[in-house]
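Engineer: Have a look at this prediction, sequence included:
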Amino acid sequence: MEGDCCSSSSSTSGEKRKHRKQQKEKPFRGIRMRKWGKWVAEIREPNKRSRIWLGSYTTPIAAARAYDTAVFYLRGPSARLNFPDLILQEDDVLSDISAASIRKKATEVGAKVDALQTSLHHASSSESSNPSRVFQKPDLNKYPESSDED
């Protein structure tokens, strides 16, 4: 009997540790990371078992913004958002609150944020590698000019 009691308590603490580990890996609500590194967002429809697919994104911020948009239109201003201060920037209100219209709006927002995030990432990585060097594509149709240094 004592062995059963101790083994069940150790498995419960192991489950808690596993749950805490999962919380650390997932930086935002409503998103998850695929094995190959893409971030995806989806949300359950209220009072239904079905889910609304919100898309696949390169950055977790873009997936989180898509989730925020969808949850805001589904649950209103009382929804728990990842970025509550950024949802107020969107002035347009959806007249049709169907799963398809919410998916469309959320993927639009996610795609915009994803494009901005990836362009910022590429710009910062190219500047940090060599900021003074300017890359020019050579004209492959020209013959190389001979130099007098030979």
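Structural biologist: Noted; the coordinates are in hand. Residues are numbered from 1 along each chain as shown.
Engineer: for this protein, which spans come out with low pLDDT?
Structural biologist: Scanning the chain with the threshold set as pLDDT under 70 gives 1-25, 88-96, 124-140, 142-150.
Engineer: other SSEs contacting the lengthiest helix in it?
Structural biologist: The longest helix of the chain (DSSP state H) is helix 99-129. Contacts defined by 3 or more Cβ pairs under 8 Å, 6 or more residues apart in numbering; DSSP states H and E place helix 99-129 against strand 51-57, helix 60-75. All C-beta spots, glycine's among them, are computed from the backbone N, C-alpha and C.
Engineer: Need the CA coordinates for the last one. PDB is fine.
Structural biologist: What that stands for is helix 60-75. Extracted as PDB, the C-alpha positions of helix 60-75 are listed here (Å, rounded to 0.1, in the frame of the first residue of the first chain):
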ATOM      1  CA  PRO A  60       5.700  33.000 -33.200                       C
ATOM      2  CA  ILE A  61       4.700  36.700 -33.000                       C
ATOM      3  CA  ALA A  62       2.900  36.400 -36.300                       C
ATOM      4  CA  ALA A  63       1.000  33.300 -35.200                       C
ATOM      5  CA  ALA A  64       0.100  34.900 -31.900                       C
ATOM      6  CA  ARG A  65      -1.200  38.000 -33.600                       C
ATOM      7  CA  ALA A  66      -3.400  35.900 -35.900                       C
ATOM      8  CA  TYR A  67      -4.700  34.100 -32.800                       C
ATOM      9  CA  ASP A  68      -5.400  37.400 -31.000                       C
ATOM     10  CA  THR A  69      -7.400  38.700 -34.000                       C
ATOM     11  CA  ALA A  70      -9.500  35.500 -34.100                       C
ATOM     12  CA  VAL A  71     -10.100  35.400 -30.300                       C
ATOM     13  CA  PHE A  72     -11.000  39.100 -30.200                       C
ATOM     14  CA  TYR A  73     -13.700  38.600 -32.900                       C
ATOM     15  CA  LEU A  74     -15.000  35.400 -31.300                       C
ATOM     16  CA  ARG A  75     -15.000  36.400 -27.600                       C
END
